[in-house]
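K.L.:
what's the 3D shape of this:
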Amino acid sequence: GLACEQAESAGLSCYFQKGTWTTLRQLDRPVMITLTRTDGTTWQTALIHLDETNAELLVNDTPTTVLLSDLSDYWFGNFLLLWKPANGNNQALSPGMRHENVRWLRQSLAALDENYQPVQGDSDVFDDELEQQLISFQRQHRLDADGLAGQQTQIIINTLLAIDGTPRLSKSR
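P.N.:
Next comes the predicted model:
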């Protein structure tokens with residue numbers, strides 16, 4: 001509640017989700033994960049790095065490496081990711097929409113795929129051409145290929161654009 005309100009006032013958006021280590025690798029962003037002890041008490045900690053066998057958590061401002069096999073006993077998939085949506089708007093984008101974020105989507109997909117040269121150029125209308133390009137992108141990245149650019153799709157596009165200063169889970173330490 002309060003943390004997300006503070007994030008929104010800084011132009012960020014909260015993305016609450018349940019997923020797997022694979023989900024987190026795909027999003028490739030630091031997240032807050034919820035851990036649960038055997039007695040049922042929960043706590044949150046920041047996951048700041050992830051590789052195939054280890055997770056690096058921020059515990060009392062100290063990076064701490066933990067084996068994923070050990071951490072999996074306490075993590076049931078809940079996480080919170082803070083991200084900066086295009087134009088400060090995390091609205092899902094769908095066919096038929098007219099919005100400045102549709103222009104961002106079109107330009108972003110063109111930047112990520114050199115073979116995609118949109119006929120509509122800088123149009124802010126979500127047309128059939130953009131929908132097909134988005135579905136292709138979603139399939140390539142093992143997302144729901146529904147032709148809707150929801151938060152998960154937008155986060156992955158944003159991550160792949162590699163905007164300077166964007167923190168990454170996969171960043172080598």
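K.L.:
Can you name the next helix or strand after the helix or strand hosting Leu47?
P.N.:
Secondary structure from DSSP states H and E places Leu47 in strand 42-50. Going down the chain from strand 42-50, the next helix or strand is strand 54-59, by DSSP H and E.
K.L.:
Summarise which helices and strands the helix or strand following that following strand is packed against.
P.N.:
From strand 54-59 onward toward the C-terminus, using DSSP H and E, the following helix or strand is strand 62-67. For strand 62-67, the packing partners by 3 or more CB pairs under 8 Å, 6 or more residues apart in numbering; DSSP states H and E come out as strand 54-59. (Each C-beta comes from the backbone N, C-alpha and C, glycine too.)
K.L.:
Only the buried residues of the strand it packs on, if you could.
P.N.:
Across strand 54-59, burial judged by 16 or more other CB atoms under 10 Å covers 55-57.
K.L.:
Mind giving me the packing neighbours of it?
P.N.:
So strand 54-59, by 3+ CB pairs under 8 Å, 6+ apart, packs with strand 42-50, strand 62-67, helix 68-71.
K.L.:
could you redo the last one with a cut-off of 6 Å?
P.N.:
Counting contacts by 3 or more CB pairs under 6 Å, 6 or more residues apart in numbering; DSSP states H and E, strand 54-59 is packed against strand 42-50, strand 62-67.
K.L.:
Could you list the low-pLDDT ranges of the chain?
P.N.:
Scanning the chain for pLDDT under 70 picks out 1, 120, 164, 172-173.
K.L.:
most remote residue from it's center?
P.N.:
Farthest-out residue of the chain from its mean C-alpha position, per CA atoms, centre = their mean: Asp39, at 31.1 Å.
K.L.:
Strands along this protein, start to end?
P.N.:
When assigned using DSSP state E, the strands of the chain occupy the ranges 13-18, 31-36, 42-50, 54-59, 62-67, 75-83.
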